[in-house]
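Peer 1: can't give you the sequence, but here's the structure:
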């Protein structure tokens with residue numbers, strides 16, 4: 001009996017760790033719940049209940065002993081879809097019987113400790129190039145390509161810096177949008193660029209919460225109303241912060 005209780009506890013820890021990694025890395029709520037339930041069932045615990053929100057996971061499992069329930073808090077969230085894919089791969093391995101409990105614990109701890117993000121300069125370079133390409137896609141002229149590169153890259157670097165200094169994410173996005181608007185205005189004022197609106201639109205695209213909007217819609221369609229509405233509200237506040245930063249520059253300069 002005591003051995004079964006210990007095993008149930010270990011299975012819960014594995015499921016919760018998998019859910020935590022996925023949720024922190026940008027996974028959808030319904031995907032997190034489904035993955036945790038499937039992993040528990042593969043290890044022999046059929047009676048489980050899982051409730052996931054963007055800021056926490058509640059998971060209960062009923063084995064041969066008393067029902068156990070545990071709550072973990074999610075305080076930091078980012079976008080790392082490679083980790084989501086890696087956890088999904090482990091889940092499929094558990095379901096097929098290729099990965100046992102000990103291997104799952106080791107592999108999930110290894111994934112949790114990984115830092116798979118690209119260096120900041122590489123991210124800034126990608127954001128800069130994306131800004132120029134988005135500007136062209138929105139019918140901007142090639143004369144504005146370089147200003148969009150500069151504004152987009154500087155805006156993204158500003159967001160990363162302010163996000164480390166200020167704990168409020170939306171304030172960081174407001175300041176980053178302000179930097180983008182200011183640099184775009186200066187580039188047009190100095191004759192480097194021509195179409196201010198196209199430069200701004202292309203430059204803010206790396207800051208746009210596309211993944212949040214997508215996950216919010218998918219969670220709402222899957223019936224997860226709390227998670228869908230909260231992610232939608234977060235996406236709205238992000239969009240509002242970006243728009244407010246640009247509007248501040250356009251209104252006063």
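Peer 2: Okay, I see it. As the structure is a prediction and not an experimental result, all values here were calculated from the model.
Peer 1: which elements pack onto the longest helix seen in the chain?
Peer 2: As assigned by DSSP state H, the longest helix anywhere in the chain is helix 225-252. Packing partners of helix 225-252 (3 or more CB pairs under 8 Å, 6 or more residues apart in numbering; DSSP states H and E): strand 47-53, helix 169-189, helix 196-204, helix 210-221. Heads up, the C-betas are built off the backbone N, CA and C, glycines and all.
Peer 1: domains of the protein?
Peer 2: 2-113, 120-252 (automatic domain parsing).
Peer 1: for this protein, which spans come out with low pLDDT?
Peer 2: Within the chain, the segments meeting pLDDT under 70 span 1-5, 63-65.
Peer 1: residues contacting residue 46?
Peer 2: Residues near residue 46 by CB atoms under 8 Å, 6 or more residues apart in numbering: residue 40.
Peer 1: try 10 Å this time
Peer 2: Residue 46 is in contact with 37, 40, 61, 62, 63, counting by CB atoms under 10 Å, 6 or more residues apart in numbering.
Peer 1: again with residue 34
Peer 2: Applying CB under 10 Å, 6+ apart to residue 34 gives the contacts 28, 50, 52, 91, 222.
Peer 1: from these, pick the one nearest residue 252.
Peer 2: residue 28 (39.9 Å; CB to CB).
Peer 1: quick one: contacts for that closest one?
Peer 2: Per CB under 10 Å, 6+ apart, neighbours of residue 28: 22, 34, 52, 84, 211, 214-219, 222, 224, 227-228, 231.
Peer 1: which among the residues you listed end up buried?
Peer 2: Among those, those buried by neighbour count (16 or more other CB atoms under 10 Å) are 22, 52, 84, 215, 216, 218, 219, 222, 224, 227, 228, 231.
Peer 1: the fourth one contacts residue 25, correct?
Peer 2: No - the pair residue 215 and residue 25 fails to qualify as a contact (CB atoms under 10 Å) at a distance of 11.5 Å.
Peer 1: pick the most buried one from the domains of the chain.
Peer 2: domain 120-252 (a mean of 19; mean count of other CB atoms under 10 Å).
Peer 1: quote the end-to-end distance of it.
Peer 2: Start-to-end span of domain 120-252 (CA to CA, to the nearest Å) is 31 Å.
Peer 1: so what's residue 125 up against?
Peer 2: Going by CB under 10 Å, 6+ apart, the list of residues near residue 125 reads 118, 119, 149, 153, 156.
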